[in-house]
Structures are given as structure tokens and as C-alpha cells.
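# Structure of the sequence below:
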Amino acid sequence: MPSITVDGYAMQYAEAGSGPPLVLIHGSLNDYRYWAPQMEPLGARFRVVAPSLRHYWPERWDGSGDGFRIDRHVSDMAAFIAALGAGPVRLIGHSRGGHIAFRLAELHPGLLHQLVLAEPGGELDESLGGKPVAAGGVGRQAQAFAEAAALVKAGDVEGGLRRFAEHTGGPGAWEKRSETRKMIGRDNAHTLAGQIDERRRPFSRAAAEGIRVPTLLVHGENTQPSFVTIIDALERCMPGVAGRVSIPNAAHGMSSDNPADFNAAVLRFLDGR
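As a prediction, the model looks like this:
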């Protein structure tokens with residue numbers, strides 16, 4: 001598997017196709033394998049590059065150290081894209097990867113030609129209608145991360161993965177996943193320890209208003225309301241929003257739940273149709 005070394009760390013990636021560069025950023029508990037349903041269809045039009053973020057599979061990380069923060073992954077991806085040497089890229093980010101893609105567009109707009117945010121994960125601050133967190137408290141997302149990580153640390157890997165899946169997909173979400181997605185989750189279970197202190201900033205109006213890269217917002221028709229709330233807020237405030245798509249018969253993992261419609265929507269946007 002090819003790799004690009006970023007700040008001393010070898011980021012492995014999958015690649016398919018040729019043409020303008022299209023980079024895919026996976027979300028929590030995933031790695032480059034998550035994008036398997038996208039590689040060939042999108043590769044018919046683009047050079048598709050899907051890296052695994054720092055500490056995700058194929059690395060077998062034990063959850064120790066402090067190299068898992070959002071800012072670290074944003075910095076890694078900025079360096080990775082620059083190292084491709086292909087100029088500005090089309091960028092797709094899903095869930096936590098969508099948050100990273102949002103920050104790349106905020107901080108490194110010159111690296112991006114177009115942006116697809118597939119249910120970017122996080123919370124809204126008060127400027128976008130979010131609820132303030134009491135002093136010393138934690139938000140709903142951070143609480144779910146902590147509970148899932150504690151179960152994994154105690155040896156209940158399935159229990160931790162189930163708790164996290166229910167946070168993003170509702171009751172029964174873990175049981176509904178394919179065996180392939182479950183395997184990928186198990187391979188990345190210990191990354192949950194890193195998410196406890198990943199320092200993910202809430203989305204703010206100021207950050208959203210500063211992003212002018214042409215952007216497609218995507219969510220699943222059957223996803224959790226919290227993800228739609230974020231999409232609604234970004235649609236109101238991001239000057240670059242060029243469209244919004246709801247993927248039928250899909251929840252949070254829409255690119256896996258209904259890859260045919262997800263791929264078609266992405267290609268229509270990237271091709272300007």
C-alpha cells in the first residue's frame with residue numbers, strides 16, 4: 001500500500017483512477033477501507049486518494065499519547081494534500097472527516113477546488129443556535145465518546161462500538177451494520193481513547209461565513225436529527241454552498257448505505273451538473 005510521510009508519520013492510502021485529484025477523509029472508527037464503494041465509481045472520472053488518518057488502521061494504536069487531536073489531523077491532511085503535488089483538490093469528508101474537511105476549508109482554502117461535507121460531525125456553538133455547555137461540563141458528543149472509550153478500555157469492545165454507533169445512528173445501529181463495517185470498527189476501536197481529548201471546536205458562524213470554496217452538503221434521508229441541524233446551520237451561513245442533497249434509504253453512513261445514489265450526487269456536483 002502506498003504512503004506519504006507527514007511530519008515523520010507514514011500515512012497509508014488507497015488510490016484508484018486518474019484525472020483531477022479527489023481526496024476522501026474517513027470518519028471515526030474507520031480508515032481508507034470505508035471508501036471502498038466509492039473508489040471505482042469515482043475513479044472513473046478522478047484520481048481518487050483515500051488516506052488513513054494518523055493512528056487509524058493499518059496502525060495498531062493502543063490509545064496512548066496526545067497525537068490524536070483534531071488540529072493534528074487537519075495539519076496532517078494539509079501536508080498530505082500539498083505532498084500530492086497536484087494542485088488544489090476536490091475534497092470529501094464524512095462525519096469526523098467532514099469536520100476535518102471543514103477546518104481545512106477554513107484554514108487552507110488554497111488547497112481546495114471543491115468541497116463535499118457528508119454529515120460533518122461536531123456541535124454548534126451559540127452563534128449557530130447551539131446550547132452552551134455549563135462550566136466543567138461536557139457536551140452530548142463528548143459524553144458519548146467517553147462512555148464508548150471506557151467500555152473499550154475495560155475490554156468490552158463490542159459494547160463500546162455499540163454505544164458509539166447508537167450515538168451516531170440511533171438504537172440498533174451497530175446490529176444493522178454490515179460485517180465489513182463492523183470489522184473496520186473493531187480494527188479502530190482503540191482510537192476512541194484519542195477522541196476523549198481530541199479538542200474538537202464547535203462549528204461557529206464566523207468560521208462558516210469564511211468558507212467560500214464551492215460546497216455540497218450531504219445527509220442521509222434517515223439520519224439522526226442532530227446531523228441535519230448542523231447541515232441546516234451550515235447551509236444558512238456558508239457563502240460557498242452550491243447545493244444540498246438528501247440520500248434516500250440511508251442514515252449517517254450514507255456512502256455505505258446507498259453508495260449508488262451517493263456517488264451519483266457527488267459526481268453531479270463535481271462535474272458542475
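# Flag the shaky bits of the stretch 101-250 of the chain, pLDDT-wise.
133-139 (pLDDT under 70).
# Okay, strands next: where are they in it?
112-118, 215-220, 241-247 (DSSP state E, counting those that start in this stretch).
# and of those strands, who's closest to L234?
strand 215-220 (6.2 Å; C-beta to C-beta). C-beta here means a position set from N, CA and C on the backbone, and glycine is covered the same way.
# Neighbouring strands of the closest one in the sheet, and parallel or not?
Sheet neighbours of strand 215-220, with direction, are listed as strand 112-118 (parallel), strand 241-247 (parallel) (DSSP bridges).
# what's that strand in contact with?
105, 114-119, 227-228, 231, 234-235, 238, 240-247, 250-254, 257-258, 262, 265-266, 269 (C-beta atoms under 8 Å, 6 or more residues apart in numbering).
# Show me which of the strands paired with strand 215-220 has the highest average neighbour count.
strand 112-118 (a mean of 24; mean count of other C-beta atoms under 10 Å).
# can you list contacts of that one?
20, 87-95, 98, 101-102, 104-105, 211, 213-219, 231, 234, 240, 254-255, 262, 266, 269-270.
# Output it in PDB with nothing but the alpha carbons.
The C-alpha trace of strand 112-118 is given here as PDB (Å, rounded to 0.1, in the frame of the first residue of the first chain):
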ATOM      1  CA  LEU A 112      -9.200  23.000  -2.200                       C
ATOM      2  CA  HIS A 113     -11.100  23.300  -5.500                       C
ATOM      3  CA  GLN A 114     -14.400  21.900  -4.400                       C
ATOM      4  CA  LEU A 115     -15.700  20.500  -1.100                       C
ATOM      5  CA  VAL A 116     -18.300  17.800  -0.100                       C
ATOM      6  CA  LEU A 117     -19.300  17.700   3.500                       C
ATOM      7  CA  ALA A 118     -21.200  14.500   4.300                       C
END
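# And that strand, how far out from the chain middle?
Distance, stretch centre to chain centre, for strand 112-118: 12 Å (C-alpha atoms, centre = their mean, to the nearest Å).
# got it, and stretch 213-232?
On C-alpha atoms, centre = their mean, the centre of stretch 213-232 falls 12 Å from that of its chain.
# same deal with stretch 106-124?
That offset, for stretch 106-124, works out to 10 Å (C-alpha atoms, centre = their mean).
# can you check stretch 241-254 too?
On C-alpha atoms, centre = their mean, the centre of stretch 241-254 falls 14 Å from that of its chain.
# do you know how far the closest residue to I247 other than its chain neighbours is from R186?
Take I247 and drop its neighbours on the chain: the residue closest to it by C-beta to C-beta, 6 or more residues apart in numbering is M254, 4.1 Å away. Distance, M254 to R186, using C-beta to C-beta, to the nearest Å: 22 Å.
# With P214 instead?
Applying C-beta to C-beta to P214 and R186 gives a distance of 37 Å.
# cool, and R69?
Taken as C-beta to C-beta, the span from R69 to R186 is 24 Å.
# and F227, how many neighbours?
Using other C-beta atoms under 10 Å, F227 is surrounded by 22 other residues.
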